[in-house]
Structure formats: C-alpha cells, structure tokens
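>>> have a look at this prediction, sequence included:
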Amino acid sequence: MTPSAQISAVIELLLAIQKEKYIPADSTANRFFRRRRYIGGGDRRFVSGKVWEILRCYRKLEWWLKRVGSPINPRMMVAAYLVLSGNSISKVHSFYSGEKYAPLLLNNNEILYLQSLVNKPFVSAEMSKAVIYEVPDWVYPIINDQYGDQTEKELSTLLEPATLDLRVNFLKVEDRYKAREILASENIQTELMNISPWGLRAQGRQSITSTNAFKNGLVEIQDEGSQLIALMTGVKSSMRVLDYCAGAGGKTLAMAMMMENKGHIIASDIFSARLNAAQSRLRRAGVFNCETHIFAEDAKWLKRRVESFDRVLVDAPCSGTGTWRRNPDARLRFKENDLLELVEKQAHILDSAARMVKKGGRLIYATCSILRQENQDQINNFLERNNNFSLVEPDTIPELLPEKFMKKTSFQLTPAQNQTDGFFCTVMVKN
C-alpha cells in the first residue's frame, strides 16, 4: 500500500470503530481486515498501530479540534494526529492527495484548522486531568480518591501499549525453557515472567497466533495477572471446580493444567459464542477434564450441583478499567451508569455463585478492574450479606505462588505497580 492508501485505511477503520461503538475495537478491526484480504501483514500492523495510537490520545485530539473550531470526524482526527505528531502541513497534504486509494483532498477550511495546530504540543496546560489521561470526566475523581499521589503514574501507565504475555501449557511441554526454545526457533523472542511460574513475555509486537507453538497448544495468550488469578484458586487434581463466568476459557485452561487433566471442571457462561471459542481452545490445549454449559439461573445442571464444588471461580463482568492499555476504546464508552449497573450485577453473581460452594470449599472472586467499588467494596458487602464466608489465604502449592501473594487473602495488580493488566482477586472459604 502507498502511504496515502495506508492513511485512508486508518480513517476507514477509525470510522468503523466509531459506528460500532458498542463493539470492542479489536473485534471491529478483525472484521475490517477479514473483509480486506488484500491488505498485507505489514500494512495491517501499520494501520492498526496508528488507529490504536489515535485511540490512546482521542480526548486530546478532540480537545484540540474543538479549540480550533474544526468538525470532529475520523478524517480530521487522523489529520490532527499527524500535525500534532510533528508532520508539516505539506506532508499531510501529500497524504490527502485525492488520488486513487488516497483520502479526498483537504479543503481550504480543513487546511486552516490544521495550520492552527502547527507547533502545538499534544498536552496543553489548559487541559483537564481527565483529558490529559484520557479518562471520562466522572472517572478521574474516583481514581484520584483511590490512588492519591499515585494517580498520575497509574493513569500514565494505562496509556502505554500493553505487553504480549503468554502462558506455557505444561500439558504439552515440560517447562518454560523448552517452550521458549521452540518459540525462538520460530523467531519469537521471549523472557521469563517475574511472578507467574508459567509465563513468558514476548518482545514487541509479534504474530504469536501464526506460530506452530500456538497452533499446537503449547502456549496461550494470557496476561500475567490473569495467570495469577488461576494460581489463587489452588485447584488440585481431585477437585470439582466451577468456572462460573468462564468467557472464552482462559482461566479454565490454566486450572485444567494445574489439575493435570484430572478431576472435573465445568465452564459456564451466558454467551454460547464464548463457550464455542472456549471449546476450540480446550481442544487445542489437549484438555479433557472439562465440560461447558450455558448458564441460566434455573438450569437443571446448576440446580443439581448446589454446594457440590470444591472451588468456584467468579471472574465477574466488570468495567475492564485494568485492561485500558489493550482496549483504549473502552474508556471512551464507559458511562457512570455502567458502573452502577455492574456493581449490582456483580453482587447478584457473587450471591448466586456462593450457593455452589460446598462447606469447606472456596469462592474466588476476580475482576480486571482497578476501581475499589468493583473490588474490595464489593467483597466487604458480600461478606456482610453472607456471614458463612470468610477471607482465607490461598492454598496454592508454595513454590508456585510467590510468598508475597501466599500471605494475602487478596491482591490488586496495576500496570504501574506490577507490569500486568489491572486485576483484583480475593479468596473466601465457606465455613
């Protein structure tokens, strides 16, 4: 693709993301590229990379365009991004040439708007903190109240690109060193993770899913924080386990590996598409101690198994604030009422899941949120309603979980403090 054609594709993809505002940007991007098979791998990386860069500074671009009186649309967002990144007007004009596969020629008004942005910094002293750190206005005070003098560090880190984390599947390869060697033979360079005993971190942006190591189930893409949640469950090969909100099965896979394909796991979710994806991943990973079920409160399979599980994992639907590095578009969609609805839903799910834990069994609650309302506050309220549960330290095999986690009943991870996505997890026992 020519540089102009690349910029045109950036505008098209950004427009598609705006139109499908209730669909995650990565899903929209995947569909966008599937319909344009002619776009090669290098061009895809350029286009998606530029779109994600723009999404990470969306509020600042919007602020500048409003300030100079420009319409706010993908075409001008991209042009403003180019100018604020240091490109000259003539350079931007060359991209917007109006030629075949290029964006339409810039008109006189558009040129005037862009000229007003020349030599302007991305960050203006007149911007609010919420705009600078790309969060909704109503969210900033909540995070500032919770993190205090660490707020700016936490929010700055959430604006950085996320790492590419892998979990080695010990059902198919003996250790991380062997997996690392296999990946290196396919030109994928990795480092051992600091906390997870199963984790490898890939260097830069690499196409893991095209490797034989991934296709053959030797590795799975999974953030280190997510791996630690699986570790906190402390599952063993003799147990009956329920992954209550399994989604596409990332933590189900990790628990099956911990159980060495023994015992029994049920992965449930309300969305059949997610469970279909989970089944595909389970097959690839060589997991056969797991079954999947569509979740419904009145489902017969659920009623028959009340108080029968040694472990119940609730990876609750949440704001996803801890994953904003990966999903910068999510912060643009996050509304105040969303948080209120999520907190209510999480409370209901916790109470429902608690019924499934047998006496002496454990309930593990997790979110990918950095907000106290969804995390510690949610657990405090649950324990007030359910006095037959209490906090307990995880009983994971000591050599698997670092000592600093072994002596805690819960943890809150953040990108700034732990170089992981933002995750909360706590362990409770049914007395």
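Looks like it arrived, so ask away.
>>> for the longest helix belonging to the chain, name the packing helices and strands.
The helix spanning the most residues in the chain, taking DSSP state H as the definition, is helix 336-354. Applying 3 or more C-beta pairs under 8 Å, 6 or more residues apart in numbering; DSSP states H and E, one finds that helix 336-354 contacts strand 309-315, strand 357-367, helix 376-385. For the C-beta atoms, the positions are set from N, CA and C on the backbone; glycine is no exception.
>>> nearest to residue 414 among the ones you listed would be which one?
Nearest of the helices and strands packed on helix 336-354 to residue 414, taken as C-beta to C-beta: strand 357-367 at 12.6 Å.
>>> which residues in the stretch 201-350 of the chain form helices?
212-215, 224-233, 250-258, 272-285, 300-303, 328-333, 336-354 (DSSP state H, counting those that start in this stretch).
>>> then the second one to CSV, C-alphas only?
Right, helix 224-233. C-alpha atoms of helix 224-233 as CSV (Å, rounded to 0.1, in the frame of the first residue of the first chain):
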residue,chain,number,x,y,z
GLU,A,224,0.4,-12.4,33.8
GLY,A,225,-2.3,-11.1,36.1
SER,A,226,-4.9,-13.4,34.7
GLN,A,227,-2.5,-16.3,35.2
LEU,A,228,-2.1,-15.3,38.9
ILE,A,229,-5.8,-15.5,39.4
ALA,A,230,-5.8,-19.1,38.2
LEU,A,231,-3.0,-19.8,40.7
MET,A,232,-5.0,-18.2,43.5
THR,A,233,-7.7,-20.8,43.1
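>>> now the angle from it to strand 357-367?
Per axes from the mean of the first three to the mean of the last three C-alpha atoms, to 10 degrees, the angle that helix 224-233 makes with strand 357-367 is 170 degrees.
>>> so what's the model's average confidence on helix 224-233?
If you average the pLDDT over helix 224-233, you get 95.
>>> tilt between that helix and helix 250-258?
50 degrees.
>>> which strands or helices does helix 224-233 pack on?
By 3+ C-beta pairs under 8 Å, 6+ apart, helix 224-233 packs against strand 164-168, strand 199-202, helix 250-258, strand 309-315, strand 357-367, helix 403-406, strand 410-413, strand 423-430.
>>> can you count the residues close to residue 31?
Using other C-beta atoms under 10 Å, residue 31 has 13 other residues around it.
>>> show the average pLDDT along the helix or strand it falls within.
When elements are assigned from DSSP states H and E, residue 31 belongs to helix 25-34. Confidence for helix 25-34, expressed as mean pLDDT, is 91.
>>> OK, contacts around the nearest residue to residue 423 once chain neighbours are set aside?
Closest residue to residue 423 apart from its sequence neighbours, by C-beta to C-beta, 6 or more residues apart in numbering: residue 225 at 3.7 Å. By C-beta atoms under 8 Å, 6 or more residues apart in numbering, the residues touching residue 225 are 322, 368, 413, 418, 420-423.
>>> for residue 258, state which of those residues is nearest.
Nearest to residue 258 among the contacts of residue 225: residue 423, at 17.6 Å, using C-beta to C-beta.
>>> tell me the contacts of the closest one?
223, 225-226, 228-229, 322, 366-368, 411-413.
>>> if we use 6 Å, what do you get?
225, 322, 368, 413 (C-beta atoms under 6 Å, 6 or more residues apart in numbering).
>>> distance of it relative to residue 161?
18 Å (C-beta to C-beta, to the nearest Å).
>>> show me the contact partners of the helix holding residue 31.
Counting by C-beta under 6 Å, 6+ apart, residues outside helix 25-34 touching it are 13, 16-17, 20, 44, 48, 329.
>>> return the set of buried residues in it.
25, 28-29, 32-33 (16 or more other C-beta atoms under 10 Å).
>>> JSON lines for these, including distance to residue 4?
Output for the buried residues of helix 25-34, formatted as JSON lines (distance: C-beta to C-beta, whole Å):
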{"residue": "25", "distance to residue 4": "23"}
{"residue": "28", "distance to residue 4": "23"}
{"residue": "29", "distance to residue 4": "20"}
{"residue": "32", "distance to residue 4": "18"}
{"residue": "33", "distance to residue 4": "19"}
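>>> now, which of those sits nearest residue 203?
residue 29 (22.4 Å).
>>> still on that earlier bit, out of the contacts of residue 225, which are buried?
The buried subset of these (16+ other C-beta under 10 Å) comprises 322, 368, 413, 418, 420-423.
>>> circling back: what's the closest of the buried residues of helix 25-34 to residue 317?
residue 25 (18.5 Å).
>>> what residue ranges in the stretch 251-400 of the chain score low on pLDDT?
Within the stretch 251-400 of the chain, the stretches with pLDDT under 70 are 397-399.
>>> other residues contacting stretch 133-144?
59, 129-130, 151, 155, 331, 334, 336.
>>> buried residues, it. List them.
Per 16+ other C-beta under 10 Å, stretch 133-144 contains these buried residues: 133-136, 139-140, 142-144.
>>> next: stretch 291-306.
Applying 16+ other C-beta under 10 Å to stretch 291-306 flags 292-293, 295, 302, 305 as buried.
>>> thinking again about what came up before, run the chain-centre distance for the helix holding residue 31.
16 Å (C-alpha atoms, centre = their mean, to the nearest Å).
>>> having no further points to raise, I will conclude here.
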